[in-house]
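Colleague: A structural model of the following input is requested.
(chains A and B)
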Amino acid sequence: DQQVKQNSPSLSVQEGRISILNCDYTNSMFDYFLWYKKYPAEGPTFLISISSIKDKNEDGRFTVFLNKSAKHLSLHIVPSQPGDSAVYFCAASPNAGGTSYGKLTFGQGTILTVHP
Amino acid sequence: EAQVTQNPRYLITVTGKKLTVTCSQNMNHEYMSWYRQDPGLGLRQIYYSMNVEVTDKGDVPEGYKVSRKEKRNFPLILESPSPNQTSLYFCASSSRTVNYGYTFGSGTRLTVV
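Modeller: Below you'll find the predicted structure:
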């Protein structure tokens, strides 16, 4: 039972354009969402997060949108750069208050390739 | 430097031979967790710990054991490894005082033959 789903295994984008990565979840108890980025031979690193009390959070080139009614979140990267090429994981937690309580469920990941 | 350290980075073992993957963090985090990464399945949580002597099962705990005797250490034990436990394993730590979820180690590539 995959409670967090990333249905696109890969995405290819031209440098300078927008990258949109999508994530769906099924568990209504999830109320805190995170995006992680992973390079080969390294552990995932935190990118951006959003609480269920918000519908948008921005950090530089990265924006996360949350649609609670659709149980859908997306990560926008504008403009995309070749260094953004990596695997992106979304994750969700039943975690009121914006901190990690330990139970963090990840999606399958999307491989983003940004071409120069 | 704040980090999560896991050892070894690579391990090849035979079916049934008990092994332990160590994990240590220097951030005084109360939460620690183990994940495995498999193609097409993403990261799946094996076990997590909320503090010393407090652990709980994640989504795929079968075949694994953990212990949290000290705050900084959270070893993963495979009592009788099988080939389906061949995977990339990540240890991670977190705190309720931060909002960035887990800080991950660099991973342990385990092959069971």
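
Colleague: sheet-wise, list the partners of the longest strand along chain B with their directions.
Modeller: In chain B, with assignment by DSSP state E, the single longest strand is strand B:42-51. Strand B:42-51 has these partner strands in its sheet, going by DSSP bridges: strand B:31-38 (antiparallel), strand B:54-57 (antiparallel).

Colleague: can you count the residues close to residue 93?
Modeller: Using chain A. Burial of residue A:93, expressed as a neighbour count using other C-beta atoms under 10 Å in any protein chain shown, amounts to 24. Where C-beta positions appear, they are placed from N, C-alpha and C, glycine not excepted.

Colleague: I was thinking of chain B, sorry if that wasn't clear
Modeller: By other C-beta under 10 Å, the residues close to residue B:93 number 27.

Colleague: run the angle between the strand or helix carrying it and strand B:31-38 for me.
Modeller: Under DSSP states H and E, the secondary-structure element containing residue B:93 is strand B:87-94. Taking axes from the mean of the first three to the mean of the last three C-alpha atoms, to 10 degrees, one finds that strand B:87-94 is oriented at 160 degrees with respect to strand B:31-38.

Colleague: could you point out which element follows strand B:87-94?
Modeller: strand B:103-104.

Colleague: other residues contacting that next one?
Modeller: Residues outside strand B:103-104 that contact it (C-beta atoms under 8 Å, 6 or more residues apart in numbering or on different chains) are A:43-46, B:2-4, B:25, B:27, B:29, B:35, B:90-94.

Colleague: just checking: what are the partner strands of that strand?
Modeller: In the sheet, strand B:103-104 lines up against strand B:87-94 (antiparallel) (DSSP bridges).

Colleague: in the partner strand, what's buried?
Modeller: Of the residues in strand B:87-94, those with enough neighbours to count as buried (16 or more other C-beta atoms under 10 Å in any protein chain shown) are B:87-94.

Colleague: what of stretch A:46-60?
Modeller: Within stretch A:46-60, the residues that qualify as buried by neighbour count (16+ other C-beta under 10 Å) are A:46-50, A:57.

Colleague: tell me the one among these nearest to residue B:9.
Modeller: Closest approach to residue B:9 among these (C-beta to C-beta): residue A:46, at 21.7 Å.

Colleague: I'd assumed residue A:34 was in contact with that closest one.
Modeller: Yes: between residue A:46 and residue A:34 there is a contact at 6.5 Å, judged by C-beta atoms under 8 Å.

Colleague: mutual contacts of those two, please.
Modeller: In the contact map built from C-beta under 8 Å, 6+ apart, the residues linked to both residue A:46 and residue A:34 are B:100-101.

Colleague: what's the neighbour count on residue B:19?
Modeller: Every residue meeting other C-beta under 10 Å relative to residue B:19 is counted, giving 17.

Colleague: for chain A, give the residue positioned nearest to chain B.
Modeller: In chain A, the residue that lies nearest chain B is residue A:43 (3.2 Å; C-beta to the nearest C-beta).

Colleague: nearest residue to that residue in space, please, no chain neighbours.
Modeller: Excluding the flanking residues, the one nearest residue A:43 by C-beta to C-beta, 6 or more residues apart in numbering or on different chains is residue B:104, at 3.2 Å.
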